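> here's my sequence, what's the structure:
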Amino acid sequence: MVKAQMKIQQTAFMLIAITLFFVLAGMFFLSIKMSSIKISATELEEKNSKLLLAKLADSPEFSCGASYGTQATSCIDFEKLMSLKENIANYSQLWGVSDIQVWKIFPSENFDECTTGNYPSCGKITLFPEHLGNGTYISTFVSLCRRASDFGFPYAPYDKCELAKLMVSYNDK
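Alright, predicted model coming up:
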């Protein structure tokens, strides 16, 4: 009778050990699968941001359009951008990114944040300042254009375009 009880206990311990082995193997497999899903999600988010970046400069909210003589690609209207910055609450969910920044590169007088008080002698526009530093940035170079006039000729405006960097941030979860 004792031998039979020993055999039953050995069988029970073996069943528990085999069950634990399969549970641990399943958890290991699931952790690898979840890791690859996270990597895929990050890659998809990066790809979407790159596609958005390619289209953003030519979107109606940003682009110069035909306002500067000819239809220009990768041209951002500085006045439209400043107006968009003032009304960004209406656009917060439109693009699905965590941050959009435009940095004036050349000629670079300063890198102060643009406000209505220091426009146009500023160097940076941040559209979602509450999300700063929450992701990975990708960027492209664009023309940042505006109407300007010299001090001596106020009625002779001309188109002034400067080199800028358009940066979009996506969340890398």
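> now for the biggest helix by length in the chain, which elements pack on it?
Using DSSP state H, we find that the single longest helix of the chain is helix 2-56. For helix 2-56, the elements it packs on are strand 136-148, strand 158-170, judged by 3 or more CB pairs under 8 Å, 6 or more residues apart in numbering; DSSP states H and E. Placement of C-beta: from N, CA and C, glycine included.
> from residue 1, how far off is residue 7?
Between residue 7 and residue 1 the computed distance is 11 Å (CB to CB, to the nearest Å).
> compare these two and say which is more crowded by neighbours.
residue 7 (10 against 5; other CB atoms under 10 Å).
> list the contacts for that one?
Listed by CB atoms under 8 Å, 6 or more residues apart in numbering, residue 7 has no contact partners.
> can you check the pLDDT for it?
With respect to pLDDT, residue 7 scores 89.
> ok, residue 164 next?
For residue 164, the pLDDT comes out at 90.
> same check, this time on the one 5 residues further on
Confidence at residue 169, expressed as pLDDT, is 80.
> show the contacting residues for it.
Neighbouring residues of residue 169 by CB under 8 Å, 6+ apart: 49, 97, 98, 99, 100, 101, 131, 134, 135, 136, 137.
> list buried residues within these.
With burial judged by 16 or more other CB atoms under 10 Å, the buried subset of the contacts of residue 169 is 49, 97, 98, 99, 100, 101, 131, 135, 137.
> which strand residues bridge the fifth one?
In this structure, residue 100 bridges to residue 168 when assessed by DSSP bridges.
> residue 59 is in contact with that one, correct?
No. Judged on CB atoms under 8 Å, residue 100 makes no contact with residue 59 at a distance of 11.0 Å.
> thank you kindly, that will do.
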